[in-house]
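In: Sharing a model that was predicted from the sequence below.
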Amino acid sequence: MSTTSEQELSPASQASEDYPLSAVPPEARKPLWSVALMLLGFTLYSGTFFAGGLVGPAFRFWDLVGLILIGNSILGAYAAALGYIAAKSGLSTVLMARFSFGSIGSRWVDFILGFTQIGWYAWGSGLIADLLNKLAGMPTSWNWLAILFFTYFFCITAYIGYRAMDWYSRLAVPAIIILMCWSLAIAFGKVGGLEGLQAVVPSKELPIGAALTIIVGTFISGGTQATNWSRFANSGRTAALGTLAAFFLANGFVVFGGAFCALAYGNEDMVQVMALQGLMFWGLILLFLNMWSTQDNTIYAFSVAGAHAFRSNKRTAFVLGGATIALALAFGGIYTSEKFINFLILLGTFIPPIGGVIMADYWLYRRGEFPALEERQPAFNWAGVIAYIVASAIAYFSPGIKPVNGIIAAVVLYFILSKVIPQTAQRRASNS
């Protein structure tokens with residue numbers, strides 16, 4: 001087995017590109033409000049309304065609230081745990097994966113995380129064009145121009161990096177929350193308050209396990225990559241609290257918004273609901289703000305994965321390259337394919353075990369401290385690779401909450417396999 005390494009990059013070069021191949025240094029760390037706003041912007045996403053729409057009509061109101069609280073507690077705890085590790089180490093998920101998957105094995109993590117994000121980015125560009133057709137009456141013959149414009153416009157802040165995304169989040173997040181609360185208040189009056197909501201009879205059936213899988217699985221791939229921003233936190237506590245606020249409160253709020261609108265109007269998309277409420281202009285503002293706040297995070301995540309895969313410090317080049325790939329996918333009509341969306345959601349089953357392996361490696365095997373990035377790693381950490389493959393199969397085939405099954409299986413399997421296949425033995429083999 002051989003080992004791989006890359007030459008060190010200058011601190012100035014790393015800083016200008018948001019440290020794609022190194023730990024974030026102390027002088028670049030951010031306070032709680034900065035990290036929290038960044039991640040809140042990431043999770044306040046129009047696409048999550050659809051998850052609420054799938055779950056909402058199947059349950060009585062208070063049962064629905066309970067499921068949303070449970071599901072987002074699971075999601076928030078998972079993302080916060082990874083966020084804590086990111087802040088303590090200063091590393092993104094793809095850099096952490098070098099230790100748990102190996103120097104070459106970690107490139108699988110780059111691929112699956114990067115591919116998922118570029119797929120969602122293409123879908124988002126198509127979605128905004130489609131909603132402009134429905135709400136603003138934009139001719140479908142102009143869709144190509146809207147997709148072209150928004151594909152590159154939304155990546156401006158991601159190209160500049162954390163500082164630009166930070167400032168945008170400070171402006172956009174409060175506005176998004178105010179607009180959503182405004183629409184929900186009108187919907188609340190329409191259904192007759194809490195009494196009216198509880199009186200709504202479920203119109204479809206959905207098992208509790210499936211409902212929780214939808215709630216947890218919708219954004220768990222994002223939770224796995226939230227380390228791209230939580231690594232900038234000035235402490236583990238800051239990262240955990242900021243991540244929990246985003247993935248428990250904000251994501252839960254959006255799921256609830258979609259479910260509430262589905263109950264009140266039979267339409268889970270709050271942007272379209274605002275048009276029904278006579279607030280079309282403000283609905284378009286909400287669409288623009290929350291799509292930008294998530295799309296720039298999405299393409300940023302792709303750029304971090306791409307930079308690591310090619311061991312390049314040119315993260316900004318991968319922002320533009322990723323946007324161009326997404327443009328080609330959107331022009332090809334991929335955003336209209338229901339099968340493709342289902343495929344992206346399916347990837348949510350195969351992404352959580354990555355986080356499970358990384359958490360087991362950090363806490364159970366390395367006792368809370370990664371080695372230096374400069375330390376040579378085996379090409380493949382077979383304990384991590386095998387644990388990931390088996391845990392993904394368990395997640396796919398098992399009943400219950402599939403993402404949770406995958407995470408737990410990955411943690412248990414990695415702990416056992418790391419004892420059976422010691423990494424020190426792997427290093428000796430790699431030098432032989």
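Out: Looks like it arrived, so ask away. Keep in mind the model is a prediction, meaning the values are calculated, not measured. Numbers count the residues shown, from 1 in each chain.
In: could you pull out the helices for the stretch 251-400 of the chain?
Out: Listed in chain order, the helices of the stretch 251-400 of the chain (DSSP state H, counting those that start in this stretch) span 251-265, 270-276, 280-309, 315-331, 338-350, 352-359, 382-397.
In: among those, which is the most enclosed?
Out: Highest mean neighbour count of the helices of the stretch 251-400 of the chain: helix 352-359, a mean of 29 (counted as mean count of other CB atoms under 10 Å). Placement of C-beta: from N, CA and C, glycine included.
In: Figure out how far that one is from the centre of its chain.
Out: When distances are taken as CA atoms, centre = their mean, to the nearest Å, helix 352-359 is centred 14 Å away from the chain's centroid.
In: How about the spatially most central residue of the chain, nearest residue that isn't a chain neighbour?
Out: Nearest to the mean C-alpha position of the chain, by CA atoms, centre = their mean, lies G222 at 1.0 Å. The spatially closest residue to G222, leaving aside those adjacent along the chain, is F42, at 6.4 Å (CB to CB, 6 or more residues apart in numbering).
In: What is the neighbour count of the one you found?
Out: The local packing of F42 (other CB atoms under 10 Å) involves 31 other residues.
In: circling back: spit out the contact partners of the residue nearest to the centre of the chain.
Out: 42-43, 79, 247, 297, 301 (CB atoms under 8 Å, 6 or more residues apart in numbering).
In: farthest-separated two in these?
Out: F247 and A301 (14.7 Å; CB to CB).
In: so which helix or strand takes in F115?
Out: Using DSSP states H and E, the element containing F115 is helix 106-136.
In: Report the angle between the very next helix or strand once past that helix and helix 106-136.
Out: Next helix or strand after helix 106-136 toward the C-terminus (DSSP H and E): helix 143-153. What separates the directions of helix 143-153 and helix 106-136 is an angle of 130 degrees, with axes from the mean of the first three to the mean of the last three CA atoms, to 10 degrees.
In: Quick one: residues in contact with helix 143-153.
Out: Contacts of helix 143-153 (CB under 8 Å, 6+ apart): 121, 125-126, 128-130, 132-133, 138, 291-292, 295, 323, 326-327, 330-331.
In: quick one: average pLDDT of it?
Out: Helix 143-153 comes out with an average pLDDT of 96.
In: gap between it and the chain center?
Out: Distance, stretch centre to chain centre, for helix 143-153: 23 Å (CA atoms, centre = their mean).
In: what is the orientation angle of it with helix 315-331?
Out: Going by the same axes, to 10 degrees, helix 143-153 makes 160 degrees with helix 315-331.
In: Just the buried residues of helix 143-153, please?
Out: Residues of helix 143-153 classed as buried by neighbour count (16 or more other CB atoms under 10 Å): 143, 146-147, 150-152.
In: Could you export that helix as PDB, CA atoms only?
Out: Output of helix 143-153 as PDB, limited to C-alpha atoms (Å, rounded to 0.1, in the frame of the first residue of the first chain):
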ATOM      1  CA  ASN A 143     -36.000  30.000 -18.800                       C
ATOM      2  CA  TRP A 144     -32.600  29.500 -20.300                       C
ATOM      3  CA  LEU A 145     -31.700  33.200 -19.600                       C
ATOM      4  CA  ALA A 146     -33.000  33.000 -16.000                       C
ATOM      5  CA  ILE A 147     -31.100  29.800 -15.400                       C
ATOM      6  CA  LEU A 148     -27.900  31.300 -16.800                       C
ATOM      7  CA  PHE A 149     -28.300  34.400 -14.800                       C
ATOM      8  CA  PHE A 150     -29.100  32.800 -11.400                       C
ATOM      9  CA  THR A 151     -26.600  30.000 -11.800                       C
ATOM     10  CA  TYR A 152     -23.700  32.500 -11.900                       C
ATOM     11  CA  PHE A 153     -25.300  35.300  -9.800                       C
END
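In: neighbouring contacts of the following helix or strand past it?
Out: Note on helix 143-153: by DSSP H and E, the next helix or strand toward the C-terminus is helix 156-160. Identification of contacts with helix 156-160 by CB under 8 Å, 6+ apart yields 164-165, 168, 292, 296-297, 299-300, 303, 316, 319-320.
In: List just the nearest of these to I407.
Out: N297 (22.0 Å).
In: residues in contact with that closest one?
Out: So N297 contacts 38, 41-42, 158, 165, 222, 228-229 (CB under 8 Å, 6+ apart).
In: and the closest residue to V385 other than its chain neighbours, what does it touch?
Out: Distance criterion CB to CB, 6+ apart; nearest residue to V385, sequence neighbours excluded, is G105 at 5.3 Å. Taking CB under 8 Å, 6+ apart as the criterion, G105 is in contact with 97, 379-381, 384-385.
In: how about a cut-off of 10 Å?
Out: Applying CB atoms under 10 Å, 6 or more residues apart in numbering, we find G105 in contact with 97-98, 377-382, 384-385, 388.
In: which residues of this protein score low on pLDDT?
Out: For the chain, residues meeting the criterion pLDDT under 70 lie at 1-16, 336-342, 344-345, 423-432.
In: Swap in 50 and give it another go.
Out: 1-7, 425-432 (pLDDT under 50).
In: circling back: so can I have JSON lines of the buried residues of helix 143-153 showing distance to G258?
Out: Shown next, in JSON lines, are those (distance: CB to CB, whole Å):
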{"residue": "N143", "distance to G258": "24"}
{"residue": "A146", "distance to G258": "23"}
{"residue": "I147", "distance to G258": "24"}
{"residue": "F150", "distance to G258": "22"}
{"residue": "T151", "distance to G258": "25"}
{"residue": "Y152", "distance to G258": "28"}
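In: ok, those vs K204, which is closest?
Out: N143 (31.7 Å).
In: Quickly note the distance from that closest one to L284.
Out: 16 Å (CB to CB, to the nearest Å).
In: Over to G217?
Out: From G217 to L284 the distance is 29 Å (CB to CB).
In: just A23 next, same as before
Out: Here the criterion is CB to CB. By it, A23 lies 41 Å from L284.
In: Same question for T213.
Out: Distance, T213 to L284, using CB to CB: 32 Å.
In: again, but for S293
Out: Distance from S293 to L284, by CB to CB: 15 Å.
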